[in-house]
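*Asks:* Predicted coordinates and the sequence they were generated for:
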Amino acid sequence: MGKDVIIACDFSSKEACLSFLDKFTERKPYVKIGMELFYAAGPEIVKEIKKRGHKIFLDLKLHDIPNTVKKSMSVLSGLDVDMTNLHAAGTISMMEAALEGLTREDGTRPLLIAVTQLTSTDQERMENDLLIKEPIDKVVMHYASNAAKAGLDGVVCSPLEAQKVHETCGEKFLTVTPGVRFADGDKGDQKRVMTPEQAKKIGSDYIVVGRPITAAEDPVAAYNRCVSEFVD
């Protein structure tokens, strides 16, 4: 699996997103459609961006009882996205049900990955807000192992944890890592971050980059910088 930069298109409207993507005339970046854009524009935005030639990571982070997640994934499988996700905290049974629902009659399906702990969560918040007292590194590895047992393709994790996830679950088990910022950039609300170059060295398979690209004065130049530091 080749490395790639995924742009988090966290826009509040279809028009804003498509206007942003119009800037990319030479290379069609891999795009993440999250809850904000999906709730604003619906499934049609997925179809439109796919029609334009972009790969799509549909980031809706499903988390419900297994039967509900299975039926929801069955619907999402018809959108022809390349990757989608759910929360590993939903248990192995939920992840297995999701995988079953996502798989089409011909056996094909998008990549399915599980969120371990959000990159806005640190040890203090995990203990005080979630009452999880184990070290965050141990929790992430346990969630990743559960995802692997359920047959998923990988996890969403901090780039700080990517190398250990590979050591725990194998080199082919994908690590999709948000929380990536340029060395000279603002961390925003992210707690566990790395630069694109650092993420490459530690073994991330995909990096998800939002504001450092979407809010840049020259988004195409910022994207090309990410690609240069992470892929090339």
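*Replies:* Perfect, I can see it now.
*Asks:* Residues touching the longest helix along the chain, excluding its own?
*Replies:* Ranked by number of residues, the top helix in the chain under DSSP state H is helix 136-149. Outside helix 136-149, the residues that touch it by C-beta atoms under 8 Å, 6 or more residues apart in numbering are 88-89, 91-92, 95, 113-114, 116-117, 121-123, 126, 132, 134, 154-155, 157-158, 161, 164-165, 168-170, 173. C-beta here means a position set from N, CA and C on the backbone, and glycine is covered the same way.
*Asks:* Any of those buried? List them.
*Replies:* Neighbour-count burial (16 or more other C-beta atoms under 10 Å) applied to those gives 88-89, 92, 95, 113-114, 116-117, 121, 123, 126, 132, 154-155, 157-158, 161, 164-165, 169, 173.
*Asks:* Identify those among these that sit within strands.
*Replies:* Counting by DSSP state E, the part of the buried ones among the contacts of helix 136-149 found in strands is Ile113, Ala114, Gly154, Val155.
*Asks:* Return the longest helix of the chain as PDB; C-alpha atoms alone will do.
*Replies:* Output in PDB follows, covering the C-alpha atoms of helix 136-149 (Å, rounded to 0.1, in the frame of the first residue of the first chain):
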ATOM      1  CA  ILE A 136      -3.100   5.700  26.400                       C
ATOM      2  CA  ASP A 137      -0.500   3.800  24.400                       C
ATOM      3  CA  LYS A 138      -1.800   0.500  25.900                       C
ATOM      4  CA  VAL A 139      -5.400   1.400  25.100                       C
ATOM      5  CA  VAL A 140      -4.600   2.300  21.500                       C
ATOM      6  CA  MET A 141      -2.700  -1.000  21.000                       C
ATOM      7  CA  HIS A 142      -5.600  -3.000  22.500                       C
ATOM      8  CA  TYR A 143      -8.100  -1.300  20.300                       C
ATOM      9  CA  ALA A 144      -5.900  -1.900  17.300                       C
ATOM     10  CA  SER A 145      -5.500  -5.600  18.200                       C
ATOM     11  CA  ASN A 146      -9.300  -5.800  18.400                       C
ATOM     12  CA  ALA A 147      -9.700  -4.200  15.000                       C
ATOM     13  CA  ALA A 148      -7.300  -6.700  13.500                       C
ATOM     14  CA  LYS A 149      -9.100  -9.600  15.200                       C
END
